[in-house]
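Novice: after the sequence you'll find the predicted model.
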Amino acid sequence: MYIKNSLRDIWIVIAAFFISRCQVFDIYPFAVGFFSASCITNRSYILTFIAIMAGTGLRMSVVELVRYGLMLLAIGVATSVKNRMEYNGGAMLLAFISGLMASTVDVGFYFIARGGISPLLCAFEGMLVFSSAMIYSHAIHIVTEDYMKVATENDAAISVILLAASVLYGMPLEIGGGIVLALAFGIFSALFSIYKFGFGLGMAWTVISGAMLSYMTGHNMYIVDFMLMALSCYALQCLIHGGRYLFTLIYVAVYFGFGLGFDEGLIDETGIKAVLSAVFIFLLLPSHMLVQIDSRMAGNELASESSEWGRLVIGRLNNLASAFKRIEYTLSGNVNTGIGLNDVGELIEGFTNQLEREVPLKKTATAKIIDSLAIKGAGVKNLVMLKNRADRYEIYVTLRMNRGRLMTAEAVRQIVERETGLSLVLKDESRTIVSRNYNIICMQEKPEFKCVTAVRRMSRYAGEISGDNFYIGSIMEGYELIMISDGMGNGKPAAVESSVLIDALEELIAAGFEQDMSIKLVNSYLSDKNRGEHFSTLDMLLIDLHTGYGKIYKQGAATTFIRRGSWLELIKSTSLPVGVIDGAVCEHCSKKFYNDDMIIMVSDGILESMIVENKEDYMRELLEDFDGDEPEELVEYIADCIRSQGGNRLKDDATIIACKLIKSC
């Protein structure tokens, strides 16, 4: 793991080597500050120590090398102890400790070894170590974890620019007897920053690098050259709207144009080597590193003005309105429905809160998603992550394809899933194809489980409709709802009563009402409507497919059986059916279900048709004797057993539902 992290952070080690060459008043505070930053951010500090000692060792005396070696070791130990003890204070406290350790070692060498720098310079070095450690640690965090902030936050941009400036200042002009280094880095970084981050940040770095190169080389025109070239290149790029290769061609043309007509120093041997090296490296960079950052996409904001987002919101509002219309139709008549304005107000408030429950998406994940989609030719306008009413993540990507290409929503989902680490599925309301117009791709967390169900609905009399009704479906994102209702009596009248109960509950829960409130409202309506003369049982199971937790609701319902391997559990009810009296209690319990669990729900007709004294024990024996594992086989097996035992005759309408919980692939 350490080797893997070190390879990922190799740029930190290289930067440490160059920063270790930055000398101010015969001291090296920036090298110490950078080492402190690597300790604060816990980034390859062992290799950073080696790189700094190697860089400073080329320029220091033995005494100075020992002094700085002890200084780095003291800082490493102090910050390590602080991190392990998990004190509060964060980066600032660690940076202060680093500055204090640096000054302490300096003072110790001054008094004990009778050498080193003056006490005043000791304090000055400690202050520089503290401030540079703060700046460098922030820059390392931004580059490695959150580089999108460079385009949107001034402190992030400044810290990264100061880090790059320190690296440039510590670079030698040439190495190996002719390899141009500092000038090539300056040209490359200017080219990269203008292309990726645009005019503001690109111009800021161009001016700084030009000024530093003018100072380092003694060629005072570099600052003017770099600034004018950046302005010219950016203007031409805005007019032509080219990609990486065209932008590189423009930069090279402008560079040689300025060299021929303005500053011949640009096209001497050193200048030509530098620009060709910079361009070569720029063209070899992976595509995902050169995706241009637009400030609109750097934030985690959803564009409310987007027509696609408007379509999405209007669609949801229409669904909500349709649910209320269905409820009104189902609970029609001159009776009290029990639904008050306060209930409706709370529901609408919950709906609007759902749209506003934005949660931050890690900027590195945002950047990687945008980069990966850009490589496929997609331009991202917005990327946002929300939490729905079930407290599950939803991700919305607003994007379009460039140059007339097409992309499937599934391809977008795979990219987002890979970069966020979330297991995702496309929502029904999502577009399926991304075209040249902006489209929203909607994704949600993939449930950990899925339900496989089977049902058998049998009538007491052949050719007559069953008085039982049932519902099986995904009523909310990631939730499975299963209901059985047994209307009083048989045939069509009973079917009408049980149908009203099932339909009303389905519509209320779909509209966003809580289950307890929904059952209470329906019971109030039916008891007022039927005056206790008609009633229906309710057996309801709501399973959270993300966690496996489920709630079982019962009002006058038959026993529910839970089968887990060879173990069986019975869930019984003693409550009154729905519609007998207003305010009747609905019994409920919560259960944790696991992979391969089977939940068997039955209406009274199943148990009543058993010609045995203890019907539940007989049902238990049937389930224990069943050696299959498929819900379809189980319901067929129980139905056959019931029919064969009663001579193919039932004592009541009967329904059986078997639901098996299975881990999602």
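Specialist: Nice, thanks for sending it over. Source: prediction; values computed, not measured.
Novice: beyond whichever strand or helix holds residue 419, next helix or strand please.
Specialist: Element membership for residue 419 (DSSP states H and E) is helix 409-420. Elements were assigned by DSSP H and E; along the chain past helix 409-420, the next helix or strand is strand 424-426.
Novice: what pairs with that next one, and is each one parallel or antiparallel?
Specialist: Here the strand partners of strand 424-426, with direction, are listed using DSSP bridges: strand 439-445 (antiparallel).
Novice: and the contacts of the partner strand?
Specialist: Identification of contacts with strand 439-445 by CB atoms under 8 Å, 6 or more residues apart in numbering yields 306, 308-309, 311-312, 388, 392-400, 409, 412-413, 416-417, 422-427, 429-431, 433-434, 477-478, 546. (C-beta placed from N, C-alpha, C; glycine too.)
Novice: residue 486 bridge partners, please.
Specialist: Taking DSSP bridges, one obtains residue 468 as the residues bridged to residue 486.
Novice: that one - how many residues pack around it?
Specialist: 31 (other CB atoms under 10 Å).
Novice: for residue 97, which non-adjacent residue is spatially closest?
Specialist: In space, and not counting its chain neighbours, residue 97 is closest to residue 78: 5.0 Å by CB to CB, 6 or more residues apart in numbering.
Novice: please read the previous query as pertaining to residue 372.
Specialist: With sequence-adjacent residues excluded and distances taken as CB to CB, 6+ apart, residue 372 is closest to residue 415, at 4.7 Å.
Novice: got a pLDDT number for that neighbour?
Specialist: Here the pLDDT value assigned to residue 415 is 92.
Novice: same check on residue 482?
Specialist: The score at residue 482 is 94. That number is its pLDDT.
Novice: surely it is within a strand?
Specialist: Yes - Residue 482 sits within a strand when classified using DSSP: H, G, I helix; E, B strand; the rest coil.
Novice: could you dump the helix or strand in which residue 497 is found to PDB, C-alpha only?
Specialist: Taking DSSP H and E as the definition, one finds residue 497 inside helix 491-511. C-alpha atoms of helix 491-511 as PDB (Å, rounded to 0.1, in the frame of the first residue of the first chain):
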ATOM      1  CA  GLY A 491     -67.400 -12.900  -5.000                       C
ATOM      2  CA  LYS A 492     -67.900  -9.500  -6.500                       C
ATOM      3  CA  PRO A 493     -69.100  -7.500  -3.400                       C
ATOM      4  CA  ALA A 494     -66.100  -8.700  -1.400                       C
ATOM      5  CA  ALA A 495     -63.800  -8.000  -4.300                       C
ATOM      6  CA  VAL A 496     -65.000  -4.400  -4.500                       C
ATOM      7  CA  GLU A 497     -64.400  -3.800  -0.800                       C
ATOM      8  CA  SER A 498     -60.900  -5.300  -0.800                       C
ATOM      9  CA  SER A 499     -60.100  -3.500  -4.100                       C
ATOM     10  CA  VAL A 500     -60.900  -0.100  -2.600                       C
ATOM     11  CA  LEU A 501     -58.600  -0.800   0.400                       C
ATOM     12  CA  ILE A 502     -55.700  -1.900  -1.800                       C
ATOM     13  CA  ASP A 503     -56.100   0.900  -4.300                       C
ATOM     14  CA  ALA A 504     -56.400   3.600  -1.700                       C
ATOM     15  CA  LEU A 505     -53.300   2.400   0.200                       C
ATOM     16  CA  GLU A 506     -51.300   2.100  -3.000                       C
ATOM     17  CA  GLU A 507     -52.200   5.700  -4.000                       C
ATOM     18  CA  LEU A 508     -51.600   7.200  -0.600                       C
ATOM     19  CA  ILE A 509     -48.200   5.600  -0.100                       C
ATOM     20  CA  ALA A 510     -47.200   6.500  -3.700                       C
ATOM     21  CA  ALA A 511     -48.200  10.100  -3.100                       C
END
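Novice: please pull up the helix or strand immediately following that helix.
Specialist: Remark: after helix 491-511, the chain's next helix or strand is helix 515-530, criterion DSSP H and E.
Novice: what strands line up against the helix or strand following that next one, and which way round?
Specialist: Read in the C-terminal direction, the helix or strand following helix 515-530 is strand 538-544, with elements assigned using DSSP H and E. Within its sheet, and counting by DSSP bridges, strand 538-544 is paired with strand 479-486 (antiparallel), strand 549-555 (antiparallel).
Novice: right, so of those strands, which gets closest to residue 624?
Specialist: Each of the strands paired with strand 538-544 was scored for nearness to residue 624 using CB to CB, and the closest is strand 549-555 (21.1 Å).
Novice: about what we covered before: sec struct for the residue nearest to residue 97, please.
Specialist: Following three-state DSSP, the label given to residue 78 is helix.
Novice: can you give me the pLDDT of it?
Specialist: Residue 78 is assigned a predicted lDDT (pLDDT) of 77.
Novice: for it, what are its contacts?
Specialist: 97, 98, 101.
Novice: quick check: buried residues in the longest helix anywhere in the chain?
Specialist: As assigned by DSSP state H, the longest helix anywhere in the chain is helix 119-145. Within helix 119-145, the residues that qualify as buried are 121-126, 128-130, 132-143, counting by 16 or more other CB atoms under 10 Å.
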